[in-house]
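In: only geometry, no sequence info:
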Ligand code: FAD
């Protein structure tokens, strides 16, 4: 099923997972998938390593497993900046074989010293995929992409992705819902009329959150800084507070917009479960 169908109902819930690292096979994720399946997500998306490095070949296999063995709709992420058209074509063919209908089309982060191989921006991949009968999603950035100088340019580039064929957007993580609501206004003013799904990642540990903030440029509201100080030497309490904070964000988002929420699960179904339980209270 094409994921855009999900947006005909109010507030679909989806999860992101990543393929097993190193030599591990996707069997290593059976417990994770069982846990996520019990939460009845509308779809699960699977990340892809930029530049065809690492575990990217497992993305197609895992997305296929989610769709065909677990019976959950799946979306494969696909990055393009360091891939040639023939490499992308071969991945598309494998996705078709597994009956995957949904692709999150991304540029990917640029690997220093490696040339771009043909697709400069995500919009180029989206245009390439258009007409190939996939449902195409794209990334968006409530606080602007780290390499983009202005929020207006960022909204304009988002519009280019929509014009190229993106049928929905999933956002980068953020910790301040007000920033997301302001971003929605900007996006709508720029002519975005496709669903924009907020992406939420719970704070589980200080180093995890510092790494994510460095990588994606998300700002840290004072409420998060206070939690980090308060529970500096109490990792278990910090984790609990981080889950509670994320559940508060999810509740507020489900009350104030219709596009549901995409939870970056970090392959931890117990965390997603707790967030959803707290949200339902
Ligand atoms: P683009 O939309 O191409 O934007 C890249 C940069 O170019 C931005 O700074 C943008 O402002 C700028 N730009 C765009 N168009 C133009 C233009 N016409 N002229 C000038 N500048 C322009 N990475 C992975 O490696 N694997 C994953 O699985 C993955 N999943 C992700 C899922 C989500 C929901 C999100 C939000 C991000 C994900 N990423 C993933 C990270 C993503 O690959 C990086 O953020 C990457 O740097 C940008 O990808 P993009 O598709 O947004 O690129």
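Out: Happy to help now that I have it. Remember, predicted model here, so these are calculated numbers, not experimental data.
In: Can you mark which positions in stretch 67-82 are buried?
Out: 67, 72, 73, 74, 75, 76, 77, 78, 79, 80, 81, 82 (16 or more other C-beta atoms under 10 Å). Any C-beta I mention is one placed from the backbone N, CA and C, and that applies to glycine too.
In: The third one touches residue 67, doesn't it?
Out: Which is residue 73. Yes - using C-beta atoms under 8 Å, residue 73 makes contact with residue 67 at a distance of 6.7 Å.
In: Run through who's touching stretch 250-262.
Out: 6-7, 10-16, 42, 45, 170-171, 177, 180-181, 184, 195-200, 263, 275-276, 278-279 (C-beta atoms under 8 Å, 6 or more residues apart in numbering).
In: try 6 Å this time
Out: 10-14, 170, 177, 195-200, 275, 279 (C-beta atoms under 6 Å, 6 or more residues apart in numbering).
In: Equivalent analysis for stretch 27-42, please.
Out: Stretch 27-42 is contacted by residues 6, 12, 13, 14, 15, 20, 70, 267, 269, 273 when judged by C-beta under 6 Å, 6+ apart.
In: The ligand contacts on the stretch 1-150 of the chain?
Out: Contact residues, the stretch 1-150 of the chain versus the ligand (C-beta under 6 Å from any ligand atom): 47-48, 50, 77, 79, 104, 106-109, 121-123, 139, 145, 147-148.
In: When you filter those down to buried only, what's left?
Out: 47-48, 50, 77, 79, 104, 106-108, 121-123, 139, 145, 148.
In: and the residues you listed, which of them are in helices?
Out: Counting by DSSP state H, the part of those found in helices is 122, 123.
In: Need the worst-confidence member of the buried ones among the residues of the stretch 1-150 of the chain next to the ligand.
Out: Within those, residue 50 has the lowest pLDDT, namely 70.
In: Quick check, that one in contact with residue 80.
Out: No - if you go by C-beta atoms under 6 Å, residue 50 and residue 80 don't touch, sitting 9.0 Å apart.
In: now stretch 269-281: how far from the chain's centre is it?
Out: Distance of stretch 269-281 from the chain centroid (C-alpha atoms, centre = their mean, to the nearest Å) equals 18 Å.
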